[in-house]
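S.K.: predicted structure and sequence below. I'll ask about it afterward.
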Amino acid sequence: MNLKDTCKKNRILIGVIIAAAFMMAFVYNVLTPYMSDDLWYHPGEWISFGEVWAKTWTNYMTWNGRLVPQYLMALSLNVPKMLFNIVNSLMFVALGWLIYFNIIYKKTIVNAGQMLRPFMLSLIYLALWNLGIDPGQTLLWIGGACNYLWATVISLGFMTLYRFLLDRESVSERTALPYALLMLILGFLAGFCNENTSGAIMLLTVYYAVAFMIGKETKHNLRIRKLPLWAYCGIIGEILGLIGLVVSPGGKIRLEQNLADESNTGMLAYLGRLLKLNDYVLEYLWAPCLAIIVLIVYMCVCRNVDNSENYDQDGKEQPLSPIRRLLLLEPAAYILASIAAIYVLLATTTPMPRALFGAQVLLFIACGKLIVSLWEVSWVKTFFVSLVVGWALFTGINYVENAANLVRINRELNEREALIEEQRGADVVVVPRLRTEWDNKYTFIYPNDLTDDPENERNVSTRIYYDLNCIVAMDREEWEQTTDK
């Protein structure tokens with residue numbers, strides 16, 4: 001098969017993979033109900049864009065500085081759930097594609113190496129689905145998806161656009177100012193997404209700007225290139241957005257409340273946060289970290305196996321050029337940015353594991369870049385092709401099982417709604433809790449299930465959402481015994 005036929009076949013395979021990824025996310029989105037913070041926004045009830053903004057601004061001033069994700073969340077809860085299901089599934093596809101694009105960007109892959117493209121894209125979606133941090137929270141739940149999935153797509157999308165444009169002809173003087181203004185706005189939105197993720201991706205944007213400036217090389221020397229105006233504006237926009245996020249009044253209020261609830265103070269508090277973050281790394285990031293370590297060790301051990309291009313005609317070793325050094329540093333830049341995204345969280349109280357979502361995405365990119373660099377090594381190719389095939393089979397089996405669990409959960413939620421309607425007008429509405437045997441990582445409903453405390457936040461939000469006087473829940477067995485009497 002010639003190269004043209006191979007490329008055509010790969011385009012078809014990539015189209016099939018993207019369609020499968022969309023459907024995989026879409027079905028689970030349909031099976032994910034409103035929950036947790038969603039209920040405070042009266043989901044599904046149409047309100048004006050002005051009211052959406054008012055709610056977002058109130059949140060910014062009182063609780064959360066992520067202005068862009070919070071606005072998108074309020075907007076998502078203002079439209080039919082099916083529309084969100086479609087858009088959120090597209091966001092999942094977009095994240096996988098952005099990871100893929102940044103991995104293979106500017107890589108010349110021909111002949112047998114063409115098989116890398118569909119296998120790499122498959123590996124990315126499999127990793128996001130199976131290894132992604134708490135997918136029920138970060139990919140499917142509306143509140144979490146907007147703050148993590150969507151926020152990462154926006155930030156990473158801006159950085160990807162930034163590095164793509166740097167490799168194209170610079171903008172003419174006639175259009176430089178409007179273009180600079182556009183990049184300033186886009187950078188501002190990217191910086192206003194997520195504290196640690198936006199900051200880490202901003203560091204990578206600076207890395208690509210520096211690589212552009214010192215990447216022009218002649219035969220005898222290195223020529224520093226001038227960075228376009230729009231490139232400066234993009235970075236400035238990211239910085240301004242990140243500052244606006246970090247100094248938000250709501251973020252300060254939330255931090256003060258969390259610090260007040262923290263049991264330790266001083267160095268003991270930092271040590272406790274460090275230990276917890278290390279636990280998160282071991283639990284959620286072990287797979288990309290292990291793969292990166294293995295690939296880097298292999299590259300170091302075999303660095304002299306085939307490095308003839310590093311020697312001149314007399315056999316003397318030549319130093320690496322600045323351009324080649326930058327290319328070798330690229331995976332390291334993503335690793336360091338990921339480390340920064342993780343351990344900058346020491347400055348705040350210990351977050352939920354989902355705060356490491358963006359850091360995990362950057363590790364996936366670093367791992368993918370190392371795989372591409374070693375793709376022609378036989379064991380690397382054999383291992384990762386086998387991994388994709390076997391993992392896809394495992395994912396299919398696991399997908400059906402958890403889809404059935406989500407259906408069962410929805411069945412009980414529908415039963416609960418019927419019970420609420422039956423008891424409407426009662427002083428206290430009593431419903432059973434969800435059966436715990438159907439819990440899985442693709443739902444966030446169990447940590448947000450109702451309790452026997454009517455003043456619990458979950459009970460209060462449910463009471464307001466259904467317009468009840470009071471609602472409590474009891475264990476299923478206890479509830480069945482009560483109803484049998």
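M.R.: Arrived safely.
S.K.: any weak-confidence spans in the chain?
M.R.: Within the chain, the ranges that satisfy pLDDT under 70 run 1-6, 106-114, 169-175, 215-223, 303-328, 484-485.
S.K.: for the residue nearest the centre of it, give its distance to residue 90.
M.R.: The structure's the chain has its C-alpha centroid closest to residue 149; by CA atoms, centre = their mean the separation is 4.2 Å. Residue 149 is 11 Å from residue 90, where distance means CB to CB, to the nearest Å. (C-beta placed from N, C-alpha, C; glycine too.)
S.K.: how about residue 62?
M.R.: Where residue 90 is concerned, residue 62 sits at a distance of 31 Å (CB to CB).
S.K.: quick one: end-to-end length of stretch 51-71, please.
M.R.: From its first residue to its last, stretch 51-71 covers 11 Å (CA to CA, to the nearest Å).
S.K.: who's in contact with the residue nearest to residue 73 when sequence neighbours are not counted?
M.R.: Of all residues not flanking residue 73 in the chain, residue 146 sits nearest, at 3.9 Å (CB to CB, 6 or more residues apart in numbering). Residue 146 makes contact with 69-70, 72-73, 76, according to CB atoms under 8 Å, 6 or more residues apart in numbering.
S.K.: how does it look with 6 Å?
M.R.: Listed by CB atoms under 6 Å, 6 or more residues apart in numbering, the contact set of residue 146 reads 69, 72-73.
S.K.: top of those residues by neighbour count?
M.R.: Of all the contacts of residue 146, residue 73 has the most neighbours under the rule other CB atoms under 10 Å, reaching 27 neighbours.
S.K.: in what helix or strand does that one lie?
M.R.: Applying DSSP states H and E as the criterion places residue 73 in helix 67-76.
S.K.: report the buried residues of the helix or strand just after that helix.
M.R.: Later in the chain than helix 67-76, the nearest helix or strand by DSSP H and E is helix 81-104. With burial defined by 16 or more other CB atoms under 10 Å, the residues of helix 81-104 counted as buried are 81, 84-85, 88-89, 91-104.
S.K.: so what secondary structure elements neighbour helix 81-104?
M.R.: Packing contacts for helix 81-104, counted by 3 or more CB pairs under 6 Å, 6 or more residues apart in numbering; DSSP states H and E, involve helix 3-30, helix 116-131, helix 151-166, helix 357-373.
S.K.: and whichever helix or strand comes after the first one, what's buried?
M.R.: The element immediately downstream of helix 3-30 (helix or strand, assigned by DSSP H and E) is helix 49-62. Residues of helix 49-62 classed as buried under the neighbour-count rule (16+ other CB under 10 Å) are 52, 55-56, 59-60.
S.K.: farthest pair in those?
M.R.: Distance extremes for those: the farthest pair is 52 and 60 at 12.8 Å, using CB to CB.
S.K.: that older thread, could you check how far the residue nearest to residue 73 is from residue 462?
M.R.: According to CB to CB, residue 146 stands 21 Å off from residue 462.
S.K.: returning to that earlier point: the helix holding residue 73 to helix 81-104, inter-axis angle?
M.R.: Here the directions of helix 67-76 and helix 81-104 differ by 140 degrees (axes from the mean of the first three to the mean of the last three CA atoms, to 10 degrees).
S.K.: tell me the buried residues in helix 67-76?
M.R.: Buried residues in helix 67-76, counted by 16+ other CB under 10 Å: 67-76.
S.K.: closest to residue 230 out of these?
M.R.: residue 68 (20.5 Å).
S.K.: measure that closest one to residue 277 for me?
M.R.: Relative to residue 277, and taking CB to CB, residue 68 is found at 25 Å.
S.K.: ok, now residue 419?
M.R.: For residue 419, the distance to residue 277 - CB to CB - is 42 Å.
S.K.: give me the more crowded residue out of those two.
M.R.: residue 277 (20 against 16).
S.K.: list the contacts for the more buried one?
M.R.: Neighbouring residues of residue 277 by CB under 6 Å, 6+ apart: residue 342.
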